[in-house]
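*Asks:* coords please:
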Amino acid sequence: MLNQAPTSENILDMIEAIFTLHGADSYLGEEVTMAQHMLQAAWLGEQQGENEAVVLAALLHDVGHYANKLPPEVLMSGTDNRHQESAASWLAEFFPAGIIEPIRLHVAAKRYLVTVDPDYRSQLSQASIDSLALQGGDMSAEEVAVMEANPYLDMAIRVRRLDDQGKDPELATPDFGYFKPRLARWLMPSAREAES
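*Replies:* This is a model prediction of the structure:
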């Protein structure tokens with residue numbers, strides 16, 4: 001199914017297929033699966049009173065590992081698969097910027113927080129520390145300034161913190177079906193379909 005071109009009619013089923021077909025994949029050295037991780041990030045956001053755009057961005061933040069020509073395992077072998085860009089590009093036709101931009105920025109938010117918050121690095125899992133170097137490490141002063149000018153910085157940080165928290169092998173969550181109707185409410189017609 002992921003080899004098909006996404007449309008507004010099939011994108012939710014394609015996302016669900018990622019959770020179903022790849023959800024049991026290990027999450028890059030963490031103690032949870034990929035589906036557990038994404039579902040936990042969204043569920044924790046809901047439990048913490050985050051707005052729906054942040055919850056849904058947290059749910060989708062790692063789908064780029066599968067909407068990508070480079071599999072997630074390349075991160076473990078020393079190559080950045082730029083999954084944040086893949087996810088944002090794959091979903092951008094179908095969801096508004098309030099969901100897409102925090103997804104696109106969730107890796108940059110890790111780099112930003114490591115740079116500006118002296119306590120943040122100690123809160124990261126070993127796998128997140130290992131991938132940080134591949135993803136660019138600490139930000140330069142110029143990168144920090146660009147990040148701080150981004151209107152989605154706050155949302156990206158909130159998604160990043162949910163990303164960091166969603167790694168508990170004991171935490172039970174609803175399955176993807178619980179969130180699917182919410183995603184449907186945010187779905188926009190694709191630009192390609194509007195042109196035809």
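
*Asks:* list the contacts of the spatially most central residue of the chain.
*Replies:* Ranked by distance to the mean C-alpha position of the chain (Cα atoms, centre = their mean), the top residue is residue 61 at 1.1 Å. The contact partners of residue 61, by Cβ atoms under 8 Å, 6 or more residues apart in numbering, come to 38, 41, 84, 87, 102-103, 106, 159, 163. C-beta here means a position set from N, CA and C on the backbone, and glycine is covered the same way.

*Asks:* looking at those residues, which are in helices?
*Replies:* Among those, the subset assigned to helices under DSSP state H consists of 38, 41, 84, 87, 102-103, 106, 159, 163.

*Asks:* just the buried members of these?
*Replies:* With burial judged by 16 or more other Cβ atoms under 10 Å, the buried subset of those is 38, 41, 84, 87, 102-103, 106, 159, 163.

*Asks:* re the thing from before, ok, of the ones in helices among the contacts of residue 61, which one's closest to residue 138?
*Replies:* For residue 138, the nearest member of the ones in helices among the contacts of residue 61 is residue 106. The distance, counting by Cβ to Cβ, is 16.7 Å.

*Asks:* what pLDDT does the closest one get?
*Replies:* We have a pLDDT of 94 for residue 106.

*Asks:* now do the contacts for it.
*Replies:* When contacts are counted by Cβ under 8 Å, 6+ apart, residue 106 touches 57, 61, 84, 156, 159-160, 163.

*Asks:* change it to 6 Å
*Replies:* Shown in contact with residue 106 (Cβ atoms under 6 Å, 6 or more residues apart in numbering): 61, 84, 156, 159-160, 163.

*Asks:* and it, how far from residue 13?
*Replies:* Between residue 106 and residue 13 the computed distance is 24 Å (Cβ to Cβ, to the nearest Å).
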